[in-house]
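A.B. asks: What shape does this take:
(2 chains)
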Amino acid sequence: MIKDVSALLAAHPVFAGMASDRLDFVAGCGWNVQFLAGEAIFRFGEHADRFFMLRSGTVSIEIRPPTGPTHRIETLGAGEVLGWSWLYPPYTWQFDARAMTDVRATAFDGTCLRDKCEQDPSLGYELMKRFARVVTARLQATRLQLLDVYGTPG
Amino acid sequence: MLPRPYRVLARRVDTRDTVTLELAPVRDRQAHRLAAPHGRSRPGQFNMLYAFGVGEIPISVSGDAADRGRLVHTIRSVGAVSEALCRLRPGDELGVRGPFGTAWPVAEAEGQDVVIVAGGIGLAPLRPALYHLLAQRERYGHVSLLYGARRPEEMLYVDELKRWRSRLDLDVLVTVDKATENWRGAVGFVTTLVRRAEMAAGSAVAMVCGPELMMRYAAAELLGRGMAAERVHVSLERNMKCGLGLCGHCQLGPSFVCRDGPVFSFASVRDLLQTPEV
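C.D. replies: Numbering: from 1, shown residues only, chains lettered A, B, ... in the order given. Sure thing, here's the model as predicted:
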């Protein structure tokens, strides 16, 4: 199981090039999960103690206003990382995540990883750098969404 | 240089502000013969469309370049001339000059994977390239269409997109910036689709069309996947007047977009696209 997850991680851009002992360590904090279409994966405000590597299916990142319809901000699919709030204080989810289709994923225990990062700052720095890439890519895509570039010029 | 008279055969409303017109040459009233047939366009080229009494603007050919019997143009109403063109009805006449400009590198792409990235109305100039790829499907490797629009109701050619999605030899990935509640597809900027596209990045060819900012970031994503800038092609838009590279209105650095473009390799325009006021 660990070797399977290590191979999955090694093939992913976020973990590409990571030393095999570290990959095995991260893989040791992982387990496979499934969600049915429509099922909540996490909700805004809940404790963020994990992240997911999506293996199949589609996940919607959403925000629910007090009244009116839910706003779908982004969708993620196979090969993408879901969740980074486990790595940054206050360790609470900032949005809702819901399975739009049946989803298969590998979940990783963020609390366990954070503890290891405290003990091994070099690992912590490496994970921070790698997840910062995910965060900045999402931030950039969100900025472009906000620019509304398809709007009427002028 | 003179516009030839064409008549609107059919008009289809694509979105709130966009229509597609099918055009055919008008019979010459004095000589009782058809006006000189329009030269065959290559995918990516454009015509100057003249709304009589209003003005003339460049509009990309959006129909099948192999179809010699009619011209197809998709027009978004964003100004006086485009608004006048969008108001035309079957039977109305307009002037046509062209075709002008460079084409998508469909011949160079033979034997390779092809990634088409379209944003908003940018799908219109790419549609002839896709028709060509699908007509000669066996000559190409993996073909992907990545299409982003602002909202689901602002997507072009929805019926065709559905047909293309049902093909086993074409990957169609669609995303919108803002989803409505009943939208079941992807949400996010079109650049997010690039990382999901299947391709041999070292040899694939990309054709990108949409707002300039979208093309710049889409190209960056493609380069991030390992593509060379020479293999990424973009279609640019500037204020074109003559269509022949004579008047200078559409100058972009050392090039005239009407003559040397609209299709350029990203390598040749990358620096210019980041230069203010060019």
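A.B. asks: make it CA atoms for all contacts and neighbour counts henceforth
C.D. replies: Noted.
A.B. asks: which secondary structure elements does whichever strand or helix holds A:Leu123 contact?
C.D. replies: Using DSSP states H and E, A:Leu123 maps to helix A:121-147. For helix A:121-147, the packing partners by 3 or more C-alpha pairs under 8 Å, 6 or more residues apart in numbering or on different chains; DSSP states H and E come out as helix A:110-119.
A.B. asks: contact partners of the helix it packs on?
C.D. replies: A:26, A:29, A:48-51, A:86-87, A:123-125 (C-alpha atoms under 8 Å, 6 or more residues apart in numbering or on different chains).
A.B. asks: Assumed B:Arg184 was part of a strand.
C.D. replies: No: counting by DSSP: H, G, I helix; E, B strand; the rest coil, B:Arg184 is not part of a strand but coil.
A.B. asks: pLDDT value on it, please?
C.D. replies: Looking at B:Arg184, its pLDDT reads 87.
A.B. asks: got the contact list for it?
C.D. replies: By C-alpha under 8 Å, 6+ apart, the contact list for B:Arg184 reads A:Met100.
A.B. asks: What distance do you get for it to B:Tyr217?
C.D. replies: Counting by C-alpha to C-alpha, to the nearest Å, the gap from B:Arg184 to B:Tyr217 is 25 Å.
A.B. asks: For the closest residue to chain A within the stretch 51-200 of chain B, give me its contacts.
C.D. replies: Using C-alpha to the nearest C-alpha, B:Val187 is the residue of the stretch 51-200 of chain B that sits closest to chain A, at 4.6 Å. Counting by C-alpha under 8 Å, 6+ apart, B:Val187 touches A:72-75, B:175-179.
A.B. asks: That one pairs with what?
C.D. replies: Here B:Val187 sits in beta bridges with B:Val176, going by DSSP bridges.
A.B. asks: what packs against whatever helix or strand B:Leu161 lives in?
C.D. replies: According to DSSP H and E, B:Leu161 maps onto helix B:158-165. Contact analysis of helix B:158-165 by 3+ C-alpha pairs under 8 Å, 6+ apart lists strand B:171-176 as its packing neighbours.
A.B. asks: before we move on, the earlier item: show me which residues of the helix holding B:Leu161 are buried.
C.D. replies: By 16 or more other C-alpha atoms under 10 Å in any protein chain shown, the buried positions in helix B:158-165 come out as B:161, B:164-165.
A.B. asks: repeat for stretch B:235-249
C.D. replies: Within stretch B:235-249, judged by 16+ other C-alpha under 10 Å, the buried ones are B:235-238, B:240-245, B:248-249.
A.B. asks: quick one on the thing from earlier: what angle do the helix holding A:Leu123 and strand B:171-176 make?
C.D. replies: 70 degrees (axes from the mean of the first three to the mean of the last three C-alpha atoms, to 10 degrees).
A.B. asks: Chain A contacts on chain B?
C.D. replies: By C-alpha under 8 Å from any C-alpha of the partner chain, the residues of chain B that approach chain A are B:78, B:119-120, B:149-150, B:177-179, B:181, B:184, B:186-189, B:191-192, B:211, B:213-214.
A.B. asks: still on that earlier bit, now, among the contacts of B:Val187, which is nearest to B:Arg12?
C.D. replies: Set against B:Arg12, the nearest of the contacts of B:Val187 by C-alpha to C-alpha is B:Val176 (22.4 Å).
A.B. asks: coming back round to it: what's the angle from the helix holding A:Leu123 to helix A:110-119?
C.D. replies: Orientation check (the same axes, to 10 degrees): helix A:121-147 against helix A:110-119 gives 120 degrees.
A.B. asks: low-confidence ranges in chain B?
C.D. replies: Where chain B drops to pLDDT under 70, the residues are B:28-39.
A.B. asks: after the helix or strand harbouring B:Ala206 comes which helix or strand?
C.D. replies: Element membership for B:Ala206 (DSSP H and E) is strand B:205-209. Using DSSP H and E, the next helix or strand after strand B:205-209 towards the C-terminus is helix B:212-224.
A.B. asks: Same question for that next one: list its buried residues.
C.D. replies: B:212, B:214-223.
A.B. asks: Mind giving me the ChimeraX select for the contacts of helix A:110-119, buried ones only?
C.D. replies: Provided next is the ChimeraX selection string for whichever of the contacts of helix A:110-119 are buried by 16+ other C-alpha under 10 Å:
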select /A:26,29,48,49,50,51,86,87,123,124
